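Trainee: got a predicted structure plus its sequence, pasted below:
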Amino acid sequence: MADLAYWIPVGPFLAFGINILFGKQVKHKAALISIAASVLSCLLAWPLMYRVASEGHALTGDFVWLTLGNHPLHFGYLIDPLAATLLLVVTLVGTLIQIYAAGYMHDEARFSRFFAFVSLFMAAMLTLVIANHYLLFFMSWEVMGLCSYLLIGFYTEKDSAANASKKAFMTTRIGDVGFFLGLLTLHVAIGTLNFNELHEAVHLNAGHALLPMAALLIFCGTIGKSAQFPLHVWLPDAMEGPTPVSALIHAATMVAAGVYLVARSFVLLEVFPQVMPVIAVTGTITAFMAAFIALTATDIKKVLAYSTISQLGYMVAAMGLGSMMAGMFHLTTHAFFKALLFLGAGSVIHGTGTQDIREMGGLFGKMKSTAITFLIASLAIAGVPPLAGFWSKDEILLAAHDSGNPYIYFILSLTAFMTAFYMFRLFILTFLGKPRNPHIHAHESPALMTGPLWVLAAGSVLIGLPGSPWMHHWFQNFLAGGHHASEHVVNLRVMGMSVGIGLAGILLAVVIYARGLGMAERLARALRPFHTASINKLWFDEFYDIVFIRPFKAVARLLFRFDQQVVDGLVNGAGRGTGGLSRLHQLFDQYVIDGLVNFTGYFTQWWSAVIRRAQTGLVQNYLLIVFSGVILLLYFGMH
Amino acid sequence: MNVLEFLVNSGLYVMMGLALLAGLGAVTMRNLFHSGLCLAFVLMAIAGLYVSVGAEFLAMVQVLIYVGAVLTLIIYAIMLTARLEAPETAAVNSQVLPILIALILFLGCMLPALIRVRWPVTESALQATVSVTSLGQALMTVYIFPFEVTGVLLFAVLIGAVVVARKDRDA
Amino acid sequence: MSLPLEHYLIFSLLLLSLGIFGVLARRNAIGVLIAIELILNAVNLNLVVFSRTVSSTPETGQIFAFFVIALAAAGAAVGLAIVMAIYRSRKSVQMQEFNLMKW
């Protein structure tokens, strides 16, 4: 029965096949096909979750993919609590987003192609979640990268979209190279890449010199895919894609894959004292930096993008601090409220026609569903109990507090403050106050779009509860399975601190933005250096452009000239050479061959001219020769 | 050997030598007439030698025909073609040197052969005498055929010489 | 036989050589004919001498010599007739001028 797991990614993959091949025929039914496949996968996930939860051990199965020499490669599924959780999250959120997209993308000409790509993405993500082998994981990782590229650049007529998709692909590629090198190194060190064997193999070879290097390299994949510092630059640009794409891929699921990688590799990463701090610090820096930039962003989707980066930083930091469960918990809750925030933003864009929050305002009355659900999500992300975000964020802060490093705790707390602030800045500016642009006539989105919003809102409220003390931290224990039986102490002081920080942030936002932008602008002038740094996104893109991109392009131009002059020159030279050679040949034929023939004639003539002198016509000459012959005969006769 | 024999032999040797000298003269003299006369001397000397070997009839024939007819003919011819002979013209042509070399080689080959070979000299041949009778008999019986053919040949020669040598009729 | 055979033979050989010299080297056509006579006479002498000493039929050589003489005469006649004819047309009896068969 567990082999049903194989069907989970197959459904979406078939949907991809149908939509891409028969797109023109199916037209708008493509959405139905994709959603059906997604629902099917979701339905398959529940029984598996139940089994894992009840039996307490993982479900596995594999088959031989191919045989390299003596080593057969076993691919298959590993459904442990980790995988089961993420499976549910992905299928649920994915299905809801696809339903939303059926409404959002309704007027789009390439409707079926959109759903084809989304289905392919789902198939890849689901494969990644249940994969039991690093290579299969990596393969799905790459396919997801491809889908991200295709979907970011979906609006092919926009140059900015094409550039953004390229940027996303290139930046994540850098991480992927590190990831693959890490896989190779890992294989060299422990001889296997199978998740089942990982735990044992790592402990067996813990002394291997290359193992820390492998761990760090594998983490590079996460840095790329989950938009950590310094490879975060692609995520804001990825907002060029359609909003459902931003919700699905760049908020809820794909970017979470990097975090999932850390979770899967946790047994490898936690062994080394030099690796975990790197992870924790990276996550912390990312979280703080992104929040800082989000303070001044004016595009509704960009704010959310930086928010995503910041929250991903939280997850990574949690993992780095040793609490894999806190990270996964936050991943789960974040999927719900971030997806909700993006879909809500999409609804706002759909209703107002703009993405600039300075143009918006006073939408609360006109877009009730969107506004209320957006508020719920904002409260969740700010960490207001009893909403989901509070529980998971609190776990992370707890881990930070307990790690013994005061700086990380301080920075993460400060970031929590900033998170609450910018989210409510966003909410207030978008929905409250007076409309700032008289030309915008806002209207609510259709039910197809608002329906999923409400479902996600429910999730944002409830999904945190399984991890809360009220349910005795069921979620954490479930994730721990048989590996780590840790105690969960409720630290009321930390909890209180995090609530306080959240409320403080909200308060500040209300104070500053309650009467429109005026006060904000005065503050911006007062804090000019900070404001400039934030609004310029800390100049990351400019830095990368100068240091990496321009030299790279210069080298590319050089190589192009090389190709043109040297390689083409060689080819042309070969052509001219052949021409010259043939000319040589012709000359040879003309002078040598013909010369030989002519020479034969001349020689015959010359020789005959020489020989015929013997015909003197004088009898006495002839007689002399006869006599000489006679003498010769005499000599030969006599001796 | 007695004195007579000695005289005869020495005379024969002298005749041989003179004949050789005359032969040399016959082939090297610029003046053809002198050359012809030298030839005559050689022919006479040959006749003398014929006598010394016992072929008297032949000697007579030699003198009569060779000296008497052939030589005369040659003299006629010389006289008839004498006008264009310029005394300055050399007697021999340009290929003298190769001829001399060839002749030396020839002699170098033949002379030793002649001297070394033991000729099968038979006493009976030496003792035999040849008379005119025996010659005539042989000619008419054994050698009748060549005899007749020679006759025909001479006839043809007669006509042929006349035809060749006569003036062309004005055509 | 008065003299030893070899002496006659040597003599006729030398005479032959002289005759050959004359045939090959003489500029005048008639001089060539004279030299031919020399050759024939040398041959005749050889024949007679050999038949006298070696042959069982001594007259063979002499008869052979007769025929040679006859033919020599015939040859001389025809040759001189030809010389006459050539002399008439070319006004010369110099051998080097008879090169009509030259290349």
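Mentor: Sure thing, it's come through. Numbers count the residues shown, from 1 in each chain, chains lettered A, B, ... in the order given.
Trainee: which parts of the longest helix anywhere in chain C are buried?
Mentor: In chain C, assigned by DSSP state H, the helix with the most residues is helix C:59-90. Neighbour-count burial for helix C:59-90, counted by 16 or more other Cβ atoms under 10 Å in any protein chain shown, picks out C:59-70, C:72-87. Backbone N, C-alpha and C define where each C-beta goes, glycine included.
Trainee: now for it, which elements pack on it?
Mentor: helix B:56-61, helix B:71-80, helix B:132-141, helix B:144-165, helix C:29-53 (3 or more Cβ pairs under 8 Å, 6 or more residues apart in numbering or on different chains; DSSP states H and E).
Trainee: any idea of the angle the fourth one forms with helix B:132-141?
Mentor: In other words, helix B:144-165. 80 degrees (axes from the mean of the first three to the mean of the last three Cα atoms, to 10 degrees).
Trainee: the helices and strands packed on helix C:59-90: which one's closest to residue B:34?
Mentor: Among the helices and strands packed on helix C:59-90, helix B:71-80 comes nearest to residue B:34, with 10.0 Å by Cβ to Cβ.
Trainee: and residue A:67, helix, strand or coil?
Mentor: When classified by DSSP: H, G, I helix; E, B strand; the rest coil, residue A:67 comes out as strand.
Trainee: who does the closest residue to it other than its chain neighbours bridge with?
Mentor: Spatial nearest neighbour of residue A:67, excluding adjacent residues (Cβ to Cβ, 6 or more residues apart in numbering or on different chains): residue A:73 at 7.0 Å. In this entry, residue A:73 is beta-bridged to residue A:66, by DSSP bridges.
Trainee: return the residues in contact with residue A:73.
Mentor: Contacts for residue A:73 (Cβ atoms under 8 Å, 6 or more residues apart in numbering or on different chains) come out as A:64-67, A:133, A:135.
Trainee: now residue A:9
Mentor: For residue A:9, the contact set (Cβ under 8 Å, 6+ apart) comprises A:41, A:122-124, A:126-127, A:130.
Trainee: now swap in residue B:27 and tell me
Mentor: B:35, C:18-19, C:21-22, C:25-26, C:31, C:34-35, C:38.
Trainee: what average pLDDT does stretch A:584-601 get?
Mentor: The pLDDT scores in stretch A:584-601 average 87.
Trainee: cool, stretch A:155-162 as well?
Mentor: For stretch A:155-162, the per-residue pLDDT averages 87.
Trainee: same thing with stretch A:604-621?
Mentor: On average, stretch A:604-621 scores 87.
Trainee: check whether it comes near chain B.
Mentor: Yes - for stretch A:604-621 and chain B, the contact criterion (Cβ under 8 Å from any Cβ of the partner chain) is met by A:620-621.
Trainee: which outside residues touch that stretch?
Mentor: Applying Cβ under 8 Å, 6+ apart, the contact partners of stretch A:604-621 are A:622, B:93, B:95, C:23-26, C:32, C:95-96, C:98-103.
Trainee: go through that stretch and flag the buried ones.
Mentor: Buried, per 16+ other Cβ under 10 Å, within stretch A:604-621: A:618-621.
Trainee: for chain B, what's the longest helix?
Mentor: Identified as the longest helix of chain B according to DSSP H is helix B:3-28.
Trainee: list the buried residues in that one.
Mentor: Across helix B:3-28, burial judged by 16+ other Cβ under 10 Å covers B:9, B:12, B:15-16, B:19-20, B:22-28.
Trainee: could you give the angle of the helix or strand following that helix to helix B:3-28?
Mentor: Next helix or strand after helix B:3-28 toward the C-terminus (DSSP states H and E): helix B:32-52. Between helix B:32-52 and helix B:3-28, the angle comes out at 150 degrees (the same axes, to 10 degrees).
Trainee: kindly format the C-alpha coordinates of helix B:32-52 as PDB.
Mentor: Provided in PDB are the C-alpha atoms of helix B:32-52 (Å, rounded to 0.1, in the frame of the first residue of the first chain):
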ATOM      1  CA  LEU B  32      95.400   6.600-109.700                       C
ATOM      2  CA  PHE B  33      97.400   5.600-112.700                       C
ATOM      3  CA  HIS B  34     100.400   4.800-110.500                       C
ATOM      4  CA  SER B  35      98.000   3.000-108.300                       C
ATOM      5  CA  GLY B  36      96.900   0.900-111.200                       C
ATOM      6  CA  LEU B  37     100.400   0.100-112.200                       C
ATOM      7  CA  CYS B  38     101.200  -1.000-108.700                       C
ATOM      8  CA  LEU B  39      98.200  -3.300-108.900                       C
ATOM      9  CA  ALA B  40      99.700  -4.700-112.100                       C
ATOM     10  CA  PHE B  41     102.900  -5.500-110.300                       C
ATOM     11  CA  VAL B  42     101.000  -7.200-107.500                       C
ATOM     12  CA  LEU B  43      99.100  -9.300-110.000                       C
ATOM     13  CA  MET B  44     102.200 -10.400-111.700                       C
ATOM     14  CA  ALA B  45     103.800 -11.300-108.400                       C
ATOM     15  CA  ILE B  46     100.800 -13.400-107.500                       C
ATOM     16  CA  ALA B  47     101.200 -15.200-110.800                       C
ATOM     17  CA  GLY B  48     104.800 -15.900-109.900                       C
ATOM     18  CA  LEU B  49     103.700 -17.300-106.600                       C
ATOM     19  CA  TYR B  50     101.200 -19.500-108.300                       C
ATOM     20  CA  VAL B  51     104.100 -20.900-110.300                       C
ATOM     21  CA  SER B  52     106.000 -21.500-107.100                       C
END
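Trainee: which non-adjacent residue is nearest the single nearest residue of chain B relative to chain C?
Mentor: Nearest residue of chain B to chain C: residue B:27, at 3.4 Å (Cβ to the nearest Cβ). Leaving aside its chain neighbours, residue B:27 sits nearest to residue C:22 (3.4 Å; criterion: Cβ to Cβ, 6+ apart).
Trainee: which secondary structure elements does the helix or strand where the one you found lies contact?
Mentor: Element membership for residue C:22 (DSSP H and E) is helix C:5-25. If you count contacts as 3+ Cβ pairs under 8 Å, 6+ apart, helix C:5-25 packs onto helix A:619-638, helix B:3-28, helix B:32-52, helix B:96-116, helix C:29-53.
Trainee: which of those is buried the deepest?
Mentor: Most buried of these, by mean neighbour count (mean count of other Cβ atoms under 10 Å in any protein chain shown): helix C:29-53, with a mean of 24.
Trainee: tell me which strands and helices that helix is in contact with?
Mentor: By 3+ Cβ pairs under 8 Å, 6+ apart, helix C:29-53 packs against helix B:3-28, helix B:32-52, helix B:71-80, helix B:123-127, helix C:5-25, helix C:59-90.
Trainee: let me know the angle separating it from helix C:59-90.
Mentor: Per the same axes, to 10 degrees, the angle that helix C:29-53 makes with helix C:59-90 is 180 degrees.
Trainee: distance from helix C:29-53 to the middle of the chain?
Mentor: In terms of Cα atoms, centre = their mean, to the nearest Å, the centre of helix C:29-53 is set 5 Å apart from its chain centre.
Trainee: so how far is the first residue of stretch B:113-124 from its last?
Mentor: Stretch B:113-124 stretches 25 Å from its first residue to its last (Cα to Cα, to the nearest Å).
Trainee: is chain C contacted by that stretch?
Mentor: Yes - using Cβ under 8 Å from any Cβ, stretch B:113-124 reaches chain C at B:114-115, B:119-122, B:124.
Trainee: what distance separates that stretch from the centre of its chain?
Mentor: Stretch B:113-124 sits 24 Å away from the centroid of its parent chain (Cα atoms, centre = their mean).
Trainee: what is the burial count for residue C:94?
Mentor: By other Cβ atoms under 10 Å in any protein chain shown, the residues close to residue C:94 number 15.
Trainee: cool, residue A:294 as well?
Mentor: Going by other Cβ under 10 Å, the residues that sit close to residue A:294 add up to 27.
Trainee: do I have it right that it meets residue A:301?
Mentor: No - between residue A:294 and residue A:301 there is no contact under Cβ atoms under 8 Å: 11.6 Å.
Trainee: next, residue A:155: phi, psi?
Mentor: Torsion angles at residue A:155 (phi, psi; degrees, to the nearest 10) stand at phi -80, psi 80.
Trainee: I'd like the mean pLDDT over stretch A:316-330, please.
Mentor: 86.
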